[in-house]
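Engineer: Got a predicted structure plus its sequence, pasted below:
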Amino acid sequence: AFMYAGASSLVVSLWSVADASTAELMQHFYKNLVSESMDKTTALREAKRTLIETASTSHPFYWAPFVLVGRTL
């Protein structure tokens, strides 16, 4: 529905995820996107890497379900 309404891209989850780790991933994603001027693909990849490098969120359950769909640039 978001794409049909005009969104060029979305970060979506492939399965149910924990609220706290999702919030953390999104904070890193938007920081990378805005403050670090990364493109969407790189910003998401680096946000996932941050979670991987943190002991409490290193399991794939916390970072693997997130994918970027739509236009990536």
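Structural biologist: Structure received.

Engineer: how about the strands in this protein?
Structural biologist: 9-13, 66-70 (DSSP state E).

Engineer: show me what contacts Ser8?
Structural biologist: Gly70, Arg71 (C-beta atoms under 8 Å, 6 or more residues apart in numbering). In this view, the C-beta of every residue, glycine as well, is placed from N, C-alpha and C.

Engineer: Using a markdown table, lay out the strands of the chain together with mean neighbour count.
Structural biologist: Shown next, in a markdown table, are the strands of the chain (neighbours: other C-beta atoms under 10 Å):
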| stretch | mean neighbour count |
| --- | --- |
| strand 9-13 | 14 |
| strand 66-70 | 14 |
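
Engineer: I'd like the ones you listed laid out as JSON lines, including mean pLDDT and distance to Arg45.
Structural biologist: Rendered in JSON lines, the data for these read as follows (pLDDT from 0 to 100; distance: least, C-beta to C-beta, whole Å):
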{"stretch": "strand 9-13", "mean pLDDT": "95", "distance to Arg45": "12"}
{"stretch": "strand 66-70", "mean pLDDT": "95", "distance to Arg45": "9"}
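
Engineer: Phe29: which of these is closest?
Structural biologist: strand 9-13 (6.7 Å; C-beta to C-beta).

Engineer: Save the strands of the chain as TSV, and put in distance to Glu24 too.
Structural biologist: Formatted as TSV, the strands of the chain follow (distance: least, C-beta to C-beta, whole Å):
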stretch	distance to Glu24
strand 9-13	14
strand 66-70	12
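
Engineer: wait, which of those is closest to Thr42?
Structural biologist: The nearest among those, by C-beta to C-beta, is strand 66-70 at 10.3 Å.

Engineer: now for that closest one, which elements pack on it?
Structural biologist: Packed against strand 66-70, as judged by 3 or more C-beta pairs under 8 Å, 6 or more residues apart in numbering; DSSP states H and E, are the following elements: strand 9-13, helix 40-52.

Engineer: redo that, cut-off 10 Å
Structural biologist: strand 9-13, helix 19-30, helix 40-52 (3 or more C-beta pairs under 10 Å, 6 or more residues apart in numbering; DSSP states H and E).

Engineer: Distance-wise, check the residue most central in space within the chain relative to Thr57.
Structural biologist: Nearest to the mean C-alpha position of the chain, by C-alpha atoms, centre = their mean, lies Leu44 at 4.4 Å. Separation of Leu44 from Thr57 (C-beta to C-beta, to the nearest Å) stands at 15 Å.
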